[in-house]
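*Asks:* build me a structure from this.
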Amino acid sequence: QVQLVESGGGLVQAGGSLRISCAASGRTFENYAMAWFRQAPGKEREFVATVAWHGRITYVAEFMKGRFTISRDNAKSTVYLQMNSLEPVDTAVYYCAAGRVDGARNQHEYDYWGQGTQVTVSL
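*Replies:* Predicted coordinates for the structure are as follows:
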């Protein structure tokens, strides 16, 4: 089992930045690809970004490229999502996930999930 706990969410004004974190415990963190997904009210959960186990390969959803960056620190068993130039449409609950497939963008390929952290972007 892998336990994931997100933190760092909150309220930010449009154009601002926020970094959210996900701390993992349980099985070896380095064994897993990590990802962020988000779910806005009334919408389906969508892929945001993923990072391979070694941290050298990352994928970010097309409409977030240039604004969002995913990274990980295996020594701290933590994955981060740096979000810049935030817009109200980025308002959502952001979920951290762990899986065995590097580069996976489908939520069904992830085995473990955190409880989510709320990010709200105001005008």
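*Asks:* now for the protein, the helix or strand with the poorest mean pLDDT.
*Replies:* Across the helices and strands of the chain, mean pLDDT, DSSP states H and E gives its lowest value to strand 58-60, namely a mean of 91.
*Asks:* okay, now the sheet partners of it, with direction.
*Replies:* Strand 58-60 sits in its sheet next to strand 46-51 (antiparallel), going by DSSP bridges.
*Asks:* any buried residues in the partner strand, and which?
*Replies:* 47-51 (16 or more other CB atoms under 10 Å). For glycine as for every other residue, the C-beta is placed from the backbone atoms N, C-alpha and C.
*Asks:* now do stretch 72-86
*Replies:* So for stretch 72-86, counting by 16+ other CB under 10 Å, buried means 72, 77-81, 83, 86.
*Asks:* where along the protein do the strands fall?
*Replies:* For the chain, the strands defined by DSSP state E occupy 2-7, 10-13, 18-26, 33-39, 46-51, 58-60, 68-73, 78-83, 92-99, 110-113, 117-122.
*Asks:* distance between the fourth one and the chain's centre?
*Replies:* Same thing as strand 33-39. 4 Å (CA atoms, centre = their mean, to the nearest Å).
*Asks:* I'd like to know which elements that strand is packed against.
*Replies:* strand 18-26, strand 46-51, strand 68-73, strand 78-83, strand 92-99 (3 or more CB pairs under 8 Å, 6 or more residues apart in numbering; DSSP states H and E).
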